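[1] I'd like to go over a predicted model; first the sequence, then the structure.
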Amino acid sequence: MTRVEAAGPNAGQIEYWNATAGPKWVAMQESLDRQIGPLGQAAMESAALAPGERVLDVGCGCGATSIELARRVAPGGSVLGVDVSSVMLAAARAAAARASAMGVTFADADAQTASLAPGGFDVAFSRFGVMFFADPTAAFTNLRRALRPGGRLAFVCWQALPKNPWMSLPLSAALRHMPPPTPPAPDAPGPFAFADPERVRRILEGAGFAGVSLAPHDADLVVGGGRDLDGTVDFLLQMGPLAAALRESDPALRGRVADAVREAVAPHADAAGSVHLASATWIVTARNP
Ligand SMILES: C[S@@+](CC[C@H](N)C(=O)[O-])C[C@H]1O[C@@H](n2cnc3c(N)ncnc32)[C@H](O)[C@@H]1O
């Protein structure tokens, strides 16, 4: 399978998900799947999947959702996972083989620009894989055309950073010891690009979707998926907004930052040391008229 060339409108994100974030997601995938698995399952519930359906898993990453979706549409269903990160797709293919998953295939493809079979899917699903498009209206138009008339869209995305203490609490603690990161351009692709519900509604309706709904979903997360306290701190220094800020700062600050993060999250640890903190997401659904 040819890897997606880091070119076109999403060249920067394609490079980022292959060179910087992809290898970290592969290394941390078990922890990530345990942490965000319940959020993906909430989005799957909202998709009301039925046996025999054909599902497109957008930005499928290391494939855990594609495997779970295939289980939910068996017998007779199928799942195509698409992603721009070859390194994550290699992990996805290996995971599907290990799980002997039936009806799952993967494609190295940019969901914004890929030629997808028109009307070829009953459902387009994503767990945190649709906030990285340079032109989200063009991307969702492309995804809608891949749905049959009446086909459904269901995805989960983050609400704003301050509503997600699992990310904002460690970041605030760290920022007492390091300079603030460069703020992203408004509406720039990134984890919080879909935080504003009105923007999401505008994009989806602009792409031709009907019945757009954003349901707020609040859930406590086991940060890092149930590591001990030191393991959780290590996870937080490598993933999410804190990791992005650290990449821009003097590596000599890392020790002090780690101590501050540990102190901030320790009060939220259970007896085993696993840290529990709140999250807020949108469960977004819509349909192709
Ligand atoms: C936050 S990760 C989520 C991965 C996976 N859905 C999960 O929940 O484990 C975002 C994913 O979107 C993918 N992605 C970013 N831009 C994309 C694009 N234009 N087309 C397809 N996938 C994209 C990334 O490579 C990455 O795998």
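    Perfect, I can see it now. Numbers count the residues shown, from 1 in each chain.
[2] Distance-wise, check D57 relative to D108.
    14 Å (CB to CB, to the nearest Å). For glycine as for every other residue, the C-beta is placed from the backbone atoms N, C-alpha and C.
[3] which one of these two has more residues nearby?
    D57 (31 against 18; other CB atoms under 10 Å).
[4] so what's V156 closest to, chain neighbours aside?
    A43 (4.0 Å; CB to CB, 6 or more residues apart in numbering).
[5] Ok, G240 next?
    M167 (5.1 Å).
[6] same question, L204
    V212 (4.7 Å).
[7] CA atoms only for the helix or strand where that neighbour lies - export them in CSV, please.
    If you go by DSSP states H and E, V212 is part of strand 210-223. C-alpha atoms of strand 210-223 as CSV (Å, rounded to 0.1, in the frame of the first residue of the first chain):
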residue,chain,number,x,y,z
ALA,A,210,-29.1,17.2,7.5
GLY,A,211,-30.3,16.5,11.1
VAL,A,212,-27.0,17.7,12.7
SER,A,213,-26.9,17.1,16.4
LEU,A,214,-24.2,17.8,19.0
ALA,A,215,-24.8,16.0,22.3
PRO,A,216,-22.5,17.0,25.1
HIS,A,217,-20.9,14.0,26.7
ASP,A,218,-19.1,14.4,30.1
ALA,A,219,-17.1,11.5,31.4
ASP,A,220,-14.4,10.8,33.9
LEU,A,221,-11.3,9.3,32.2
VAL,A,222,-8.7,7.1,33.5
VAL,A,223,-5.7,9.2,32.3
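[8] That one vs the ligand: in contact?
    No - using CB under 6 Å from any ligand atom, strand 210-223 stays clear of the ligand, coming no nearer than 13.2 Å.
[9] quick one on the thing from earlier: ok, now how distant is the residue nearest to L204 from the ligand?
    Going from V212 to the ligand by CB to the nearest ligand atom, to the nearest Å gives 21 Å.
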